[in-house]
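[1] predicted structure and sequence below. I'll ask about it afterward.
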Amino acid sequence: MKRFKAVYLVLVGFLIGGAMSSALASDNFGELNVKAGVNLCTDLNLKLNGQDSKDGEYGSKPCASFAGEFLIPAEHLVSSLDFLKFGVGLKYLTSAKIIPNWSFTFNGESQKLSYLPIYFTLQINPFVRSNEESLKGLFVKGDIGYNAYFSSNLKKVYHFYDQDEVELSVKDKGGLYYAFGAGYEFPFGVVFDITYGVYKSSFEWNSNNSEPYKFKVTNSCVGLNVGYKFKI
């Protein structure tokens, strides 16, 4: 994972640096998209020590997200690529409340998982050359990057198969983030999009009474976002 993060950051640096050097003389250097959204986490896949956990069902409540994306038109590099934009983004997905139904509990509370992905983003406006003005704002997009992960109340005392209460030592780790979606850009700067994102993470429980429990979590969410783009 460390190697992936290093290659990813170097790639983003080269792309952004090349576009910046080519765009300095341009009136439209790029754009900053700031947006907020409502997300429904539709699927949670949990693996315990490499095996799918069969110990209960999981549900989730809607949660909010906030993101900023800096995009540069690819035509700064190649004039024929006027339908393409690329850049970097940073997103914060607020606490997704995962409701477990396991043989152990977190003192009767749900887990709260938060994510902070940093990612490379690509946007394609396929109808940018269309004579129909209403079609020019349509776009599809894709994101890929590294997802930092935060948890609350995973460190709390819990019961496991009627054992005594155990104080946990927890190690949280991030993982891969990717998303794809579609949306519409209005001429006055407002942007709507709907995305499907996958957030990967892992955590490890350690206690003095048992072997470590290693969990790998894949959380899939559908988000409806609205934002505004600032020309730079």
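    Structure's in. What do you need?
[2] what count of nearby residues applies to Y146?
    19 (other CB atoms under 10 Å). No exception for glycine: its C-beta is placed from N, CA and C like everyone else's.
[3] I'd assumed L176 was in contact with it.
    Yes: between Y146 and L176 there is a contact under CB atoms under 8 Å: 7.1 Å.
[4] just the pLDDT for W102.
    W102 carries a pLDDT value of 48.
[5] going forward, begin numbering at 170 instead of 1
    Sounds good: first residue 170 from here, last item W271.
[6] can you name the next helix or strand after the one helix or strand in the chain whose mean pLDDT sits lowest?
    Counting by mean pLDDT, DSSP states H and E, the weakest-scoring helix or strand in the chain turns out to be strand 273-274, with a mean of 44. Proceeding N to C from strand 273-274, the next assigned helix or strand is strand 280-293, under DSSP states H and E.
[7] the helix or strand just after that following strand packs against which elements?
    Scanning forward in sequence from strand 280-293 by DSSP H and E, the next helix or strand is strand 307-321. Applying 3 or more CB pairs under 8 Å, 6 or more residues apart in numbering; DSSP states H and E, we find strand 307-321 packed against helix 171-192, strand 253-268, strand 280-293, strand 338-342, strand 344-354, strand 359-376.
[8] per-stretch mean pLDDT over these, give me the minimum one.
    helix 171-192 (a mean of 51).
[9] residue contacts, G396?
    G396 is in contact with N202, V203, K204, A205, A236, V359, V360, counting by CB atoms under 8 Å, 6 or more residues apart in numbering.
[10] hey, what's the angle from the longest strand along the chain to strand 359-376? Just curious.
    Taking DSSP state E as the criterion, the chain has its longest strand at strand 379-400. Put simply, strand 379-400 runs at 160 degrees to strand 359-376, going by axes from the mean of the first three to the mean of the last three CA atoms, to 10 degrees.
[11] show me which residues of stretch 382-390 are buried.
    Within stretch 382-390, the residues scored as buried using 16 or more other CB atoms under 10 Å are K385, V386, T387, N388, S389, C390.
[12] closest to H245 among the residues you listed?
    C390 (32.5 Å; CB to CB).
[13] does V391 touch T211 like I think?
    Yes: if you go by CB under 8 Å, V391 and T211 touch, sitting 5.8 Å apart.
[14] the more surrounded of the two?
    Using other CB under 10 Å as the criterion, V391 and T211 rank with V391 on top: 18 against 11.
[15] so who does that one touch?
    N208, L209, T211, I363, T364, Y365, G366.
[16] please repeat the previous calculation with a cut-off of 6 Å.
    V391 makes contact with L209, T211, Y365, according to CB atoms under 6 Å, 6 or more residues apart in numbering.
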